[in-house]
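**Student:** My questions concern the predicted model and sequence given below.
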Amino acid sequence: MTREYVVARASEIPEGSHRIVRVGRREIGVFNMGGVWHAIPNLCPHQRGPLCEGATSGTLGYGPHTDWKLEWIQEGEIVTCPWHALEWHVPSGRCLAFPDIRLRKFPARVDGDEVRVIL
Amino acid sequence: MADYAPSPWDVALREIAKVPERYLDLPGMSPRAEYRVPWPGGSNRKQTVDSASEMRSGLDDLHVDRAVLFPDHLLALAMVRDPRFAVALAQSYNAWLRDHWLLAEPTLKGSLVIAPQDPVASAEDIRRHAGEPEFVCIYLPASGVRPLYGHHIYDPVYEAASEVGLPVVMHSVEAVYPTFPFQLEVFQTSLAQHAVAHPFSMMANMISLLETGVPVRYPDLGIGIMEAGISWIPFMLNRLDKEYTERRREVPLLQERPSHYIKRWYFGTQPIEEPERRGDIVKLFELFDGAARAMFASDWPHHDFDHPQYVFGLPFSPADRRAIMGGNAARFFRLEAQEADI
């Protein structure tokens, strides 16, 4: 059964930043990306590293989505696991190296100054 | 290390302290350029450990209770051009490591580094540390070594190792030397270079050891190979056995097919391959008797370290898992004999 939890104050997580919160036995990474909120597990499916302790950045793209030009894309939307540098696109939960692997995403929203996550 | 270095090398080592240290730099004279384009993001955590207590703490987090340490900044030692400086680096490292890490933390064991540039001086250092239980193997830096480790100039090292009863262990690093095997230096990315640097170095030295019959000439010498993964080993076993059927007369010292010797060597697991079908890793281990010869290695704190939880979770039988996660290493490094000390 799902439940909504207040996990942080929105003012503590300015745009472009993220932090790790604890809900029961789970650690969740909460990201504020231009006012859009995302919540993903702080657990890399690769070797179970603390994914959300990594930095966010953009990444390099080169393919049909960049008209076959090398481009720096998705600025601020990529989190990189600090253990083995596997990259994840936070808004979609998709792994850049292995697109068939997706992170679980928890619905997140802001109500007043409360950041709320549904688990 | 400067306090342990003889004059005038201590002066050179003190000079290094004035220069910011980069990951995997060789003290003072790194041939390593910064290959990577500095894009933002990526893995930017600290990848060095500065004290025995910090290492112990990191290994506690990984649930590793005993470990054998390999040097960080000396991985590229074989490429130092001045043999006197190479010897000074190796000898002062060994003395410093023992005093500051191994005696301070008995669950950490050391690899005695040799400078391949001067095998006679290296043999002397091996004998100097004979009987010190803090060292459990002799480390042969393999990246860029010339000539390869089968060459007779290294015989003094193997004689000394056999005499003091320590195995030798080879370990490479990402650098690829321009002259071996060919055109490896033209790669443009770390992905390309790192994919071949370790296993190619190990393949070359493995062939070299067999070519000159090192395992036959030094039958009591334990031989280990680290940090090259394991998937290339079955290829080499079969390739060398095939060559042997046609060209045995070139290596008459070998009394058995090459794979029989190599299957007595020990192999560090890291960086463990991660095939799409996890069961494939078990098949790969079967192809080189890995259940009896593979030793879990973490490579902590480097960028491509393996968490023991991952390797432990691979679909091995319980007995094989126990051997791979510790039993084989305990046998190779003779850690059981030291159990009472800890």
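**Tutor:** Everything's here; your move. What you see is a predicted model, and the numbers here were worked out from it, not measured in a lab. Residues are numbered from 1 along each chain as shown, chains lettered A, B, ... in the order given.
**Student:** neighbours around residue 10, how many?
**Tutor:** Looking at chain A here, since you left the chain open. 18 (other CB atoms under 10 Å in any protein chain shown). From N, CA and C alone the C-beta is placed, and that goes for glycine too.
**Student:** The intended chain is chain B.
**Tutor:** 16.
**Student:** what's the helix or strand for it?
**Tutor:** helix B:9-16 (DSSP states H and E).
**Student:** Give me the distance between the two termini of stretch A:77-95.
**Tutor:** 12 Å (CA to CA, to the nearest Å).
**Student:** Tell me the secondary structure at the closest residue to A:Ile78 other than its chain neighbours.
**Tutor:** Distances taken as CB to CB, 6 or more residues apart in numbering or on different chains put A:Thr59 closest to A:Ile78, at 4.7 Å, once the chain neighbours are dropped. Three-state assignment for A:Thr59 (DSSP: H, G, I helix; E, B strand; the rest coil): strand.
**Student:** Quickly list what A:Thr59 is bridged to.
**Tutor:** A:Ile73 (DSSP bridges).
**Student:** what's next to the helix holding B:Asp10, contact-wise?
**Tutor:** Here helix B:9-16 makes contact (CB atoms under 8 Å, 6 or more residues apart in numbering or on different chains) with B:1-3, B:5, B:27-28, B:84-85, B:88-89, B:92.
**Student:** for the helix or strand hosting A:Arg109, packing partners?
**Tutor:** In this assignment (DSSP H and E), A:Arg109 forms part of strand A:108-111. For strand A:108-111, the packing partners by 3 or more CB pairs under 8 Å, 6 or more residues apart in numbering or on different chains; DSSP states H and E come out as strand A:36-41, strand A:114-118.
**Student:** Residues contacting it, please?
**Tutor:** Residues contacting strand A:108-111 (CB under 8 Å, 6+ apart): A:10, A:30, A:37-39, A:115-118.
**Student:** try 6 Å this time
**Tutor:** Contact with strand A:108-111 is made by A:10, A:37-39, A:116-117, as judged by CB atoms under 6 Å, 6 or more residues apart in numbering or on different chains.
**Student:** Can you tell me which of the residues you listed is nearest chain B?
**Tutor:** A:His38 (16.8 Å; CB to the nearest CB).
**Student:** Run a quick neighbour tally on that closest one.
**Tutor:** Neighbourhood size, A:His38 [other CB under 10 Å]: 22.
**Student:** my guess is it meets A:Val30, correct?
**Tutor:** No - A:His38 sits out of contact with A:Val30 when judged by CB atoms under 6 Å, with a separation of 7.4 Å.
**Student:** Bridged to A:Glu27, which residues?
**Tutor:** A:Arg22.
**Student:** likewise A:Phe106?
**Tutor:** The partner residues for A:Phe106, given DSSP bridges, come to A:Ala39.
**Student:** do the one 5 residues further on as well
**Tutor:** In this structure, A:Asp111 has beta-bridge partners A:Glu114, where bridges are defined by DSSP bridges.
**Student:** Do you know the pLDDT at it?
**Tutor:** On the pLDDT scale, A:Asp111 is placed at 95.
**Student:** Could you measure from it over to A:Val36?
**Tutor:** 15 Å (CB to CB, to the nearest Å).
**Student:** Can you tell me which of the contacts of helix B:9-16 is nearest chain A?
**Tutor:** B:Pro27 (26.3 Å).
**Student:** ok, back up a step: tell me the one of the contacts of helix B:9-16 nearest B:Arg278?
**Tutor:** Proximity of these to B:Arg278 (CB to CB) peaks at B:Pro27, which lies at 40.3 Å.
**Student:** so where's chain A uncertain?
**Tutor:** Along chain A, no part satisfies pLDDT under 70.
**Student:** Can you pull up the most central residue in it?
**Tutor:** A:Val90 (3.6 Å; CA atoms, centre = their mean).
**Student:** quick one: which two of the contacts of helix B:9-16 are the most distant?
**Tutor:** B:Asp3 and B:Arg84 (18.5 Å).
**Student:** who's more crowded, these two?
**Tutor:** Comparing B:Asp3 with B:Arg84 by neighbour count (other CB under 10 Å), the higher total belongs to B:Arg84, at 15 against 11.
**Student:** That one: what secondary structure?
**Tutor:** helix.
**Student:** hmm, back to that, which parts of the helix holding B:Asp10 are buried?
**Tutor:** Neighbour-count burial for helix B:9-16 flags B:9-10, B:12-13, B:16 (criterion: 16 or more other CB atoms under 10 Å in any protein chain shown).
**Student:** Who are the contact partners of A:Glu87?
**Tutor:** A:59, A:78, A:80, A:96.
**Student:** just to revisit the earlier point, for the buried residues of helix B:9-16, which one is nearest A:Ile73?
**Tutor:** Nearest to A:Ile73 out of the buried residues of helix B:9-16 is B:Ile16 (CB to CB; 40.4 Å).
**Student:** what number of residues lie near residue 99?
**Tutor:** As the question left the chain open, I've gone with chain A. A:Pro99 has 10 neighbours, counted by other CB under 10 Å.
**Student:** Oops, wrong one, chain B.
**Tutor:** 13.
**Student:** do B:Pro119 as well
**Tutor:** B:Pro119 is flanked by 20 other residues according to other CB under 10 Å.
**Student:** And B:Pro219, by the same measure?
**Tutor:** 10.
**Student:** Name the SS class of it, please.
**Tutor:** Applying three-state DSSP: B:Pro219 is coil.
**Student:** Render the CA-only coordinates of the helix holding B:Asp10 in CSV, please.
**Tutor:** The C-alpha coordinates for helix B:9-16 follow below in CSV (Å, rounded to 0.1, in the frame of the first residue of the first chain):
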residue,chain,number,x,y,z
TRP,B,9,67.2,10.4,-3.8
ASP,B,10,65.6,11.7,-0.6
VAL,B,11,66.1,15.2,-2.0
ALA,B,12,64.2,14.2,-5.1
LEU,B,13,61.4,12.7,-3.1
ARG,B,14,61.1,15.8,-0.9
GLU,B,15,60.8,17.9,-4.0
ILE,B,16,57.8,15.9,-5.1
